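Q: no sequence for this one, just the structure:
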């Protein structure tokens with residue numbers, strides 16, 4: 001199946017019992033058994049629910065993996081994946097990660113003895129240098145949040161394999177419509193499905209796909225044991241959202257390119273971050289491993305004061321945390337999504353007080369350009 005067809009017909013379609021075209025919402029906690037241990041495939045909804053299972057099968061197919069798993073949030077998904085490791089294990093992570101990922105690694109999982117080092121994975125030599133005897137995994141964001149760095153997933157995965165490391169890729173920004181990390185050699189791919197996969201700012205969820213039977217067994221054990229599963233109604237909302245993913249991603253891509261052109265020529269913009277620009281240091285890698293460059297743009301207006309003036313005047317860009325929705329969103333990462341990262345660390349990375357991040361929606365692009373133009377005047 002081609003990409004758009006797979007969004008509609010991947011996973012489990014409809015209901016064989018009634019002929020319903022849409023997978024039903026199985027709002028149920030437990031299931032009748034014919035005898036002890038003899039059931040229809042479901043026994044308790046923490047372990048498995050038919051609606052959640054349909055979603056998990058769908059994301060498995062979209063990411064070309066072995067098994068899919070649905071969690072109550074993107075952070076629940078990341079935490080579950082990190083529970084595959086044990087005290088004393090060391091994980092390498094992209095330096096420019098989402099603030100929540102940085103927080104859980106440095107403030108929560110470190111309490112259980114899981115060590116973390118943050119490096120610029122867009123330079124493969126940094127990975128090689130940072131590997132320790134107890135290193136077990138490489139966690140990549142590509143594109144990163146919010147500076148939109150690109151890591152060569154195929155090359156990084158090959159390097160990780162040579163050191164027997166598990167490669168984990170956060171694919172939230174690209175989605176499986178533009179990028180499939182497992183086909184590039186990664187072992188695990190995860191999403192904050194709250195974002196593009198849901199697409200309508202109405203659900204919080206996390207998804208994981210693994211590339212081997214052993215990882216599938218191990219992660220299912222963690223999911224069932226810790227119980228951070230996604231409920232059936234939210235699972236159904238995600239299935240519905242994914243059906244239009246291709247249309248939304250393509251429209252967003254068109255809008256983003258025109259907004260980038262506008263921002264490039266605006267005197268207030270001191271620096272712009274977008275992998276679709278030929279001037280982006282990893283543009284060629286992005287072009288090689290992605291079908292599209294996505295709908296995220298970060299740009300620096302020089303100061304916190306100017307950023308605040310911009311935020312106060314926009315009409316169609318909604319000031320909000322999150323991204324990937326049909327409506328365009330705007331934020332200042334230093335004081336919102338990445339506020340949990342210490343100031344000195346933000347300065348090192350280039351997450352300045354004047355850095356603005358926009359998630360481009362599917363509104364008429366001329367309205368979006370005019371909105372930014374009047375707000376930046």
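A: Noted; the coordinates are in hand. Model, not experiment: these values are computed from the prediction.

Q: switch to C-alpha atoms for all contacts and neighbour counts from now on
A: Noted.

Q: Strands of the stretch 151-300 of the chain, residue ranges please.
A: 166-170, 188-192, 206-210, 271-273, 296-300 (DSSP state E, counting those that start in this stretch).

Q: Which one, of those, ends up nearest to residue 283?
A: strand 271-273 (10.9 Å; Cα to Cα).

Q: And the closest one, what's buried?
A: 272, 273 (16 or more other Cα atoms under 10 Å).

Q: again, but for stretch 238-258
A: Buried, per 16+ other Cα under 10 Å, within stretch 238-258: 238-246, 248-253, 255-257.

Q: Check stretch 284-300 too.
A: 284-286, 289-290, 292-300.

Q: what do you get for stretch 215-226?
A: Per 16+ other Cα under 10 Å, stretch 215-226 contains these buried residues: 215, 216, 219, 220, 222, 223.

Q: Not counting the helix or strand bottoming out on mean pLDDT in the chain itself, show me its contacts.
A: Lowest by mean pLDDT, DSSP states H and E among the helices and strands of the chain is helix 343-349, with a mean of 86. By Cα atoms under 8 Å, 6 or more residues apart in numbering, the surrounding residues in contact with helix 343-349 are 95, 96, 334, 352.

Q: Can you tell me which of those residues end up in helices?
A: Applying DSSP state H to these, no entry is found in helices.

Q: so which of these comes closest to residue 230?
A: Closest to residue 230, out of all of these and judged by Cα to Cα, is residue 96, at 27.5 Å.

Q: Just to check, the closest one is in contact with residue 146?
A: Yes: in this structure, residue 96 is within contact of residue 146 by Cα atoms under 8 Å, at 7.1 Å.

Q: Now list whatever residues contact both of those two.
A: With Cα under 8 Å, 6+ apart applied, the contact sets of residue 96 and residue 146 do not overlap.

Q: what comes up buried for the least confident helix or strand of the chain?
A: Result for helix 343-349 [16+ other Cα under 10 Å]: buried residues residue 346.

Q: partners of the following helix or strand past that helix in the sheet?
A: Sequence-wise, the next helix or strand downstream of helix 343-349 (DSSP states H and E) is strand 355-359. Paired strands of strand 355-359, with direction, are strand 296-300 (antiparallel), strand 329-331 (antiparallel) (DSSP bridges).

Q: any residues touching whichever helix or strand comes after strand 355-359, and which ones?
A: The helix or strand immediately downstream of strand 355-359 is helix 365-375, counting by DSSP H and E. Contacting residues not belonging to helix 365-375 are listed as 255, 258-259, 262, 309-317 [Cα under 8 Å, 6+ apart].
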